[in-house]
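Engineer: Build the 3D model from these lines:
(chains A and B)
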Amino acid sequence: MSETFKPVEEQLAYLKKGTAEIIREDELKTKLAESLKTGKPLRVYLGVDPTAPDLHLGHTVVLRKLKHFQDMGHTAVFLIGDFSAMIGDPTGVSETRPPLTREQVDANAKTYLDQVFKILDPKKTEVRYNSEWLGKLTAVDVVRLCSHYRLARMLEREDFRTRLNEGHPISVHELLYPLLTAFDAVSLKSDVELGATEQKFNLLVHREIQREYGLPGQVVLTMPILVGLDGSRKMSKSLGNYIGITEAPTEMFGKMMSIPDELMWSYYELITDRTPAEITALKSEVTNGKLHPMDAKMRLATEVIADFHGQDAANKAAEHFQRVFRDRQAPTEIPVVKLKQGEAKQLNALLVELKLVDSKSEADRLIKQGGAEVDGARVDDPRKSMPTDKAGEFTLRAGKKKFLKVVVE
RNA sequence: GGACGGGUGGGUGAGUGGCUAAAACCAGCAGACUGUAAAUCUGCCGCUCCUUGCGGGCUACGGAGGUUCGAAUCCUCCCCCGUCCA
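Structural biologist: Okay, the predicted model is just below:
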């Protein structure tokens, strides 16, 4: 595939946007110049473990950067760590992950790709699995690989160091993780590897090991971590502060609006295609009062949702938000649940049955605290009898965000 | 292999025989105020039952036994983690 590449400076400016760090930028520049001269695209890869198949916006930051390389005509390699997933990345204070079966990995990988291709162009993406080469390594190969790295260097890594200092356990197999994934970089003969900043250590090990194997040593490009909805910790599923990319538009919109104001600028930078100049302009409009922060945030939410659900859905989500929360009216589209006629049920039991709360105690609490409404009217008796014994319908509200229309038939 | 220290609710972490469903803090939830932001204030924050009461039952302090009227707290064995020594 012969491509005409854009001038080096132009490519560099585009690729640099939003990055946390490029090691080293001059090498990237050289590589770009080289590829421009020879017409050969750079091999740029991103490796992921198919452990959590539900992607959220945090994952898209680095995917978007991979897409940028793709936009510039380079080869995007999406590497699925089906083999390394069995070890588990020790990044962060992780507990041991349960090993995945082949079937789980395959299923995860598939859903992973479906989501990834909302951002990447499937036709231009090379998808690889690291079991291709890691599965073939012999014990001798592994020993040889390990001989290329020093323990002291391994322990420089921040989370190993802090775990050591704080007296937390480190298993030996965790030390193997960066080395095995380094073998990915060797096998792929990559020119550039992308990752989140927390991956920096791993990516640098990859670069060094490549050199040990006689390769030039890839450029490492890291992207900042996207902060989650709480405004302080990184977006992650286990912390529950995430926006999944397959979530419904209205749901995404609500979550986007709940982020702290200051956070929206980092979102603008990392998960939209706005240029730094545009973002600065927007920011000063808000600072000098020309633009209400809420409106700036609504624009952000609309743009992000349009990426995943299309412009129409995004606009609808925006309207829905205004109607329900700004104008405090019932939403136009409420999830509907159908029930068969039966006994009349008590409100608290019904909330549990409909999974609006986890337990009856919780339902009682919610209701007593005034967080429950039936057809728009607050109800404070947990045992209020609900008309599930005759045909009809009513709308439930549990807490701030949960609405459900119940149809009895 | 040895010596010592440690394992408490989603997290950090108090608690050394009854007053402890277990302090405090964080996180979370609801209400008020708002822009479903932030900040602030109030309340809640194991499950369950009803006669909704500072009510009853059940479950919970690594695991299994034991002592005791009564155990997160004492004893025994086991599992796990860390530190130092080898």
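
Engineer: Residue A:70 in helix, strand or coil?
Structural biologist: Following DSSP: H, G, I helix; E, B strand; the rest coil, we place residue A:70 in the helix state.

Engineer: That one: how many residues sit nearby?
Structural biologist: 18 (other C-beta atoms under 10 Å). Using the backbone N, CA and C atoms, a C-beta is placed for each residue, glycine as well.

Engineer: residues in contact with it?
Structural biologist: Residues in contact with residue A:70 (C-beta atoms under 8 Å, 6 or more residues apart in numbering) are A:76, A:120, A:121, A:124, A:125.

Engineer: I'd like to know which of the residues you listed are buried.
Structural biologist: Neighbour counting with 16 or more other C-beta atoms under 10 Å marks A:76, A:120, A:125 as buried within those.

Engineer: the strands in the stretch 251-400 of chain A, which residues?
Structural biologist: Using DSSP state E, counting those that start in this stretch, the strands of the stretch 251-400 of chain A run over A:336-339, A:345-346, A:372-374, A:377-378, A:385-386, A:392-398.

Engineer: Just give me the neighbour total for whatever residue of the stretch 151-300 of chain A ends up closest to RNA strand B.
Structural biologist: Closest residue of the stretch 151-300 of chain A to RNA strand B, C-beta to the nearest atom of the strand: residue A:254 (2.6 Å). The local packing of residue A:254 (other C-beta under 10 Å) involves 20 other residues.

Engineer: Now do it against residue A:358, distance only.
Structural biologist: Counting by C-beta to C-beta, to the nearest Å, the gap from residue A:254 to residue A:358 is 20 Å.

Engineer: same question, residue A:139
Structural biologist: On the measure of C-beta to C-beta, residue A:139 and residue A:358 end up 48 Å apart.

Engineer: And those two? Which one has more around it.
Structural biologist: A side-by-side neighbour count of residue A:139 and residue A:358, using other C-beta under 10 Å, places residue A:358 first with 10 against 7.

Engineer: residues contacting the more buried one?
Structural biologist: Contacts for residue A:358 were tallied using C-beta under 8 Å, 6+ apart; they are residue A:352.

Engineer: Then the one 10 residues further on?
Structural biologist: Shown in contact with residue A:368 (C-beta under 8 Å, 6+ apart): A:380, A:382.

Engineer: unless I'm mixing things up, the residue of the stretch 151-300 of chain A closest to RNA strand B is touching residue A:402, no?
Structural biologist: No. In terms of C-beta atoms under 8 Å, residue A:254 does not count as a neighbour of residue A:402; the distance is 10.7 Å.

Engineer: List just the nearest of the buried ones among the contacts of residue A:70 to RNA strand B.
Structural biologist: Nearest to RNA strand B among those: residue A:120, at 29.4 Å, using C-beta to the nearest atom of the strand.

Engineer: Tell me the pLDDT of that closest one.
Structural biologist: You'll see residue A:120 listed with a pLDDT of 91.

Engineer: Find the nearest non-adjacent residue to it, please.
Structural biologist: residue A:67 (5.5 Å; C-beta to C-beta, 6 or more residues apart in numbering).

Engineer: Mean confidence (pLDDT) on the helix or strand that neighbour falls within, please.
Structural biologist: Residue A:67 belongs to helix A:57-71 when assigned by DSSP states H and E. Here helix A:57-71 scores 91 as its mean pLDDT.

Engineer: Convert that helix to PDB, retaining C-alpha atoms only.
Structural biologist: Extracted C-alpha coordinates of helix A:57-71, given in PDB (Å, rounded to 0.1, in the frame of the first residue of the first chain):
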ATOM      1  CA  LEU A  57     -14.100   6.500  27.400                       C
ATOM      2  CA  GLY A  58     -10.800   6.100  29.200                       C
ATOM      3  CA  HIS A  59      -9.800   3.400  26.800                       C
ATOM      4  CA  THR A  60     -10.700   5.600  23.800                       C
ATOM      5  CA  VAL A  61      -8.000   8.200  24.600                       C
ATOM      6  CA  VAL A  62      -5.200   6.000  23.400                       C
ATOM      7  CA  LEU A  63      -7.300   4.400  20.700                       C
ATOM      8  CA  ARG A  64      -8.000   7.800  19.300                       C
ATOM      9  CA  LYS A  65      -4.300   8.500  19.200                       C
ATOM     10  CA  LEU A  66      -3.800   5.200  17.300                       C
ATOM     11  CA  LYS A  67      -6.400   6.400  14.900                       C
ATOM     12  CA  HIS A  68      -4.400   9.600  14.400                       C
ATOM     13  CA  PHE A  69      -1.500   7.600  13.100                       C
ATOM     14  CA  GLN A  70      -3.900   5.700  10.900                       C
ATOM     15  CA  ASP A  71      -5.200   9.100   9.600                       C
END
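
Engineer: what distance separates that helix from the centre of its chain?
Structural biologist: Offset of helix A:57-71 from its chain centre (C-alpha atoms, centre = their mean, to the nearest Å): 11 Å.
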